[in-house]
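Novice: Any chance you could fold what I've pasted below:
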Amino acid sequence: MIVVETERLTLRRFAPADHDPLTRVFGDADVMRFGDGPQTPEWVGGWLRRTLESYEQRGYGPWAVVEKSGGAVIGYCGLFFFPHVNGRPEVEIGYRLARAWWGRGYATEAVLAARDYAFDTLGLSRLIALIDPANAASIRVARKAGMHYETDVMMPGYTYPDHLYSIQSLRVS
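Specialist: Model (predicted):
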């Protein structure tokens with residue numbers, strides 16, 4: 001199911017058949033440098049199951065980022081629900097792209113489309129991004145999406161805080 005399209009990308013719901021392209025993304029040490037490190041195919045299977053459950057429970061989740069001209073799944077971009085971030089429930093916009101697709105503006109294009117879908121279609125009023133302070137590329141993408149640094153947040157299991165960037169919807173009900 002297609003969620004949103006841009007000039008060069010389609011964001012769609014994941015399907016079980018997306019396991020292999022996701023394994024290439026999550027298994028790459030460079031892609032996972034600012035995460036928990038490279039992941040196994042079994043871990044990816046669990047991530048994919050939780051993603052499919054999120055669609056049923058919340059109506060959103062991370063979506064497959066598909067490059068239109070070749071049809072390749074190049075990563076994910078979408079929405080993640082966190083019940084407790086600095087004392088409040090939050091929806092994060094997050095993404096990862098396969099290394100071969102970095103530096104082409106795809107991340108910004110996907111994040112802008114996901115942001116607009118969250119505000120205009122889902123009616124969300126606020127989005128956050130949790131970003132490792134050393135991840136300059138993700139900070140640039142967040143700023144291009146209109147997000148601003150708000151505070152630091154220490155997530156469970158982390159040894160140092162992430163930066164929390166946020167944006168409020170300008171939509172008037």
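
Novice: Report the residue spans of the chain with pLDDT below the cut-off.
Specialist: Counting by pLDDT under 70, the chain has low-confidence residues at 171-173.

Novice: Please identify the buried residues of the top helix by length along it?
Specialist: The helix spanning the most residues in the chain, taking DSSP state H as the definition, is helix 41-58. Neighbour counts over helix 41-58 (16 or more other Cβ atoms under 10 Å) mark 44, 47-48, 51, 54-55 as buried. Quick note: C-beta positions are derived from backbone N, CA and C, even for glycine.

Novice: would TSV of the residues you listed with distance to residue 156 be doable?
Specialist: Formatted as TSV, the entries for those read as follows, by distance: Cβ to Cβ, whole Å:
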residue	distance to residue 156
44	21
47	17
48	22
51	20
54	19
55	24
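
Novice: Tell me who's in contact with the spatially closest residue to residue 146 that is not a sequence neighbour.
Specialist: For residue 146, ignoring the flanking residues on the chain, the nearest one in space by Cβ to Cβ, 6 or more residues apart in numbering is residue 167 at 5.0 Å. Listed by Cβ atoms under 8 Å, 6 or more residues apart in numbering, the contact partners of residue 167 are 115, 126-127, 145-148.

Novice: strand partners of whichever helix or strand residue 167 is part of, parallel vs antiparallel please.
Specialist: When secondary structure is defined using DSSP states H and E, the element that contains residue 167 is strand 162-168. Under the criterion DSSP bridges, strand 162-168 sits next to strand 126-131 (antiparallel), strand 148-153 (antiparallel) in its sheet.

Novice: how far does stretch 129-138 sit from the chain's center?
Specialist: With Cα atoms, centre = their mean, to the nearest Å as the basis, stretch 129-138 stands 12 Å off its chain's centre.
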